[in-house]
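Asker: Please find the sequence and the predicted model below.
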Amino acid sequence: MRQPRHGRPARRPRVSSAGGREGAPSAPAGTCWLFGTHAVAAALNNPRRVYERLLVTEENHPALEEATRSGRGVRVAPELVQRQRLDDLLGPDAVHQGVALLARVLPPMPLDEALERPGPVLVLDQVTDPRNIGAILRSAAAFGAACLVVQDRNAPEETAVLAKAASGALETVPMVREVNLSRAIEQLQKSGCWTVGLDAGGTTLDGTSFDGRRVALVLGAEGKGLRRLTRESCDEIAGLYMPGEMESLNVSVAAAVGLYELVRRGMPSAYQKAAAKKPT
């Protein structure tokens, strides 16, 4: 096994375009435009997030109200603009919901620091679609995952598209960027994680079999699956139980099902939804 590296220099924040789509204007270096009520509200509530401009189409926008209710407040003066201004800035296909935030890219979190958080870990092997990664972040937040580990050169930059798909989870689930994924898996193993490659050809994933273990679930890109070296680095290979006619799932759906399988063993025997509050 390779020895862990020491003294690795911090990587610079990656530069991204405004909306992550062709033809959109570029944001200043080290920043990106975020849009959509949930994505912007979560960014405003994130103490780690530094932002520079806030554009809204109404003074009492829900994103501003949520930030006010949380007690975080808004650290820049909102700029009231016409909806067409946001359409022109972000592109005609952007579902911006009347709000956009120019924010600095979040600083990367080291893996050892991310592992101080509780919960399972997700590792992505060359999953490049920002919408898929955003959806995976959303599932990671829903099921209490500690972090999402990606290979730096084969993962998308932080963009509005990714943040919108994450629906706020980009601000709550750390994305750890690693140069060498096999070494990252080795570090996870040395930190006490049992690494499970989610792929065909192994046993059926059974969350109850991991009692007493912290699991890192490793997923590959659609079509290609796990690369050989990544597959060989895992402690075991397991697949999802799918009795139907489909042989595979979208990677974001597979991540959600896999996470549920891991956490269901801790589910209360009697699950009851909280009673809906009546409006006052």
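Answerer: Sure thing, it's come through.

Asker: For the closest residue to Ala77 other than its chain neighbours, grab phi and psi.
Answerer: Nearest residue to Ala77, sequence neighbours excluded (C-beta to C-beta, 6 or more residues apart in numbering): Leu54, at 7.7 Å. To be clear about C-beta, it is placed using only N, CA and C from the backbone, and glycine gets the same treatment. Phi and psi for Leu54, reported as degrees, to the nearest 10, are phi -140, psi 120.

Asker: Please determine how far Leu54 is located from Thr172.
Answerer: Distance, Leu54 to Thr172, using C-beta to C-beta, to the nearest Å: 20 Å.

Asker: again with Arg69
Answerer: With distances taken as C-beta to C-beta, Arg69 is found 17 Å from Thr172.

Asker: what does Val179 give?
Answerer: For Val179, the distance to Thr172 (C-beta to C-beta) stands at 25 Å.

Asker: related to what we said a few turns ago, looking at Leu54 and Thr172 now, which is surrounded by more residues?
Answerer: Leu54 (24 against 14; other C-beta atoms under 10 Å).

Asker: was I right about the more buried one contacting Leu80?
Answerer: No. Contact criterion C-beta atoms under 8 Å: Leu54 and Leu80 do not qualify, at 10.1 Å.

Asker: which residue ranges form the strands in the protein?
Answerer: With DSSP state E as the criterion, the chain has strands at 31-35, 51-56, 79-80, 99-104, 121-125, 147-151, 175-178, 193-204, 214-220, 236-239.

Asker: In TSV, list the ones you listed along with mean pLDDT.
Answerer: Output for those, formatted as TSV (pLDDT from 0 to 100):
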stretch	mean pLDDT
strand 31-35	91
strand 51-56	92
strand 79-80	90
strand 99-104	93
strand 121-125	97
strand 147-151	95
strand 175-178	95
strand 193-204	90
strand 214-220	96
strand 236-239	94
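
Asker: Include distance to Leu249 when you put those strands into JSON lines, please.
Answerer: Output for these, formatted as JSON lines (distance: least, C-beta to C-beta, whole Å):
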{"stretch": "strand 31-35", "distance to Leu249": "28"}
{"stretch": "strand 51-56", "distance to Leu249": "35"}
{"stretch": "strand 79-80", "distance to Leu249": "42"}
{"stretch": "strand 99-104", "distance to Leu249": "32"}
{"stretch": "strand 121-125", "distance to Leu249": "15"}
{"stretch": "strand 147-151", "distance to Leu249": "18"}
{"stretch": "strand 175-178", "distance to Leu249": "22"}
{"stretch": "strand 193-204", "distance to Leu249": "10"}
{"stretch": "strand 214-220", "distance to Leu249": "10"}
{"stretch": "strand 236-239", "distance to Leu249": "10"}
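
Asker: Ala160 is nearest to which of those?
Answerer: Nearest of the strands of the chain to Ala160, taken as C-beta to C-beta: strand 31-35 at 5.2 Å.

Asker: Just the buried residues of that closest one, please?
Answerer: Within strand 31-35, the residues that qualify as buried are Thr31, Cys32, Trp33, Leu34, Phe35, counting by 16 or more other C-beta atoms under 10 Å.

Asker: Just put these in CSV and tack on distance to Cys234.
Answerer: Formatted as CSV, the buried residues of strand 31-35 follow (distance: C-beta to C-beta, whole Å):
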residue, distance to Cys234
Thr31, 36
Cys32, 33
Trp33, 37
Leu34, 34
Phe35, 37
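
Asker: so how far is Leu54 from the nearest residue to Leu44 once chain neighbours are set aside?
Answerer: The shortest distance from Leu44 to any non-neighbouring residue, by C-beta to C-beta, 6+ apart, is to Ala67 (4.0 Å). The spacing between Ala67 and Leu54, counted by C-beta to C-beta, is 10 Å.

Asker: so what's in contact with those two at the same time?
Answerer: Leu44, Val74 (C-beta atoms under 8 Å, 6 or more residues apart in numbering).
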